[in-house]
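Engineer: Pasting a predicted model and its sequence here:
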Amino acid sequence: MTRLLESASRGSATRIVLVGRNRAGYWVALEQGGFFGGLFVNRAHAMKYALLKNGGHPESIIEVTREIELEFCTSS
């Protein structure tokens, strides 16, 4: 897994998107650097969003087994 993350991030515009569930059971799609993300009721919608946002590169989507959370930041 580490090689995939390193090789995809070097000199490539393709973004790595993590897809998994949060502690409430919803599906989360989250760009590795936190540039974008979304919360979904099912896996299919999370995967569709991930593909749309990363330019259609399924090889750059990593489904994780640990819980992931979508955090919202507000600027003041």
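Structural biologist: Thanks, I have it. What you see is a predicted model; the values in this text were computed from it and never measured. Numbering: from 1, shown residues only.
Engineer: Centre of the chain to stretch 26-35, how far?
Structural biologist: The gap between where stretch 26-35 is centred and where its chain is centred comes out at 4 Å by CA atoms, centre = their mean, to the nearest Å.
Engineer: End to end on that stretch, go ahead and measure it.
Structural biologist: Start-to-end span of stretch 26-35 (CA to CA, to the nearest Å) is 20 Å.
Engineer: Ok, stretch 22-34 next?
Structural biologist: With CA to CA as the measure, stretch 22-34 spans 15 Å from end to end.
Engineer: in that stretch, what counts as buried?
Structural biologist: Across stretch 22-34, burial judged by 16 or more other CB atoms under 10 Å covers 27-31. (Each C-beta comes from the backbone N, C-alpha and C, glycine too.)
Engineer: got the contact list for that stretch?
Structural biologist: 5, 9, 15-21, 36-43, 45-47, 49-50, 53-54, 67-71 (CB atoms under 8 Å, 6 or more residues apart in numbering).
Engineer: Only the buried subset of those, as a PyMOL command please.
Structural biologist: Of the contacts of stretch 22-34, the buried ones go into a single PyMOL selection, burial set by 16+ other CB under 10 Å:
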select buried, resi 15+16+17+18+19+20+21+37+38+39+40+46+47+49+50+53+54+68
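Engineer: Under the pLDDT cut-off, which ranges of the protein? List them.
Structural biologist: Scanning the chain for pLDDT under 70 picks out 1-13, 75-76.
Engineer: Show the residue spans covered by the strands in it.
Structural biologist: For the chain, the strands defined by DSSP state E occupy 17-21, 27-31, 37-40, 61-63.
Engineer: ok, residues contacting the first one?
Structural biologist: Read it as strand 17-21. With contacts defined as CB under 8 Å, 6+ apart, strand 17-21 is touched by 27-32, 43, 46-47, 50, 53-54, 60-68.
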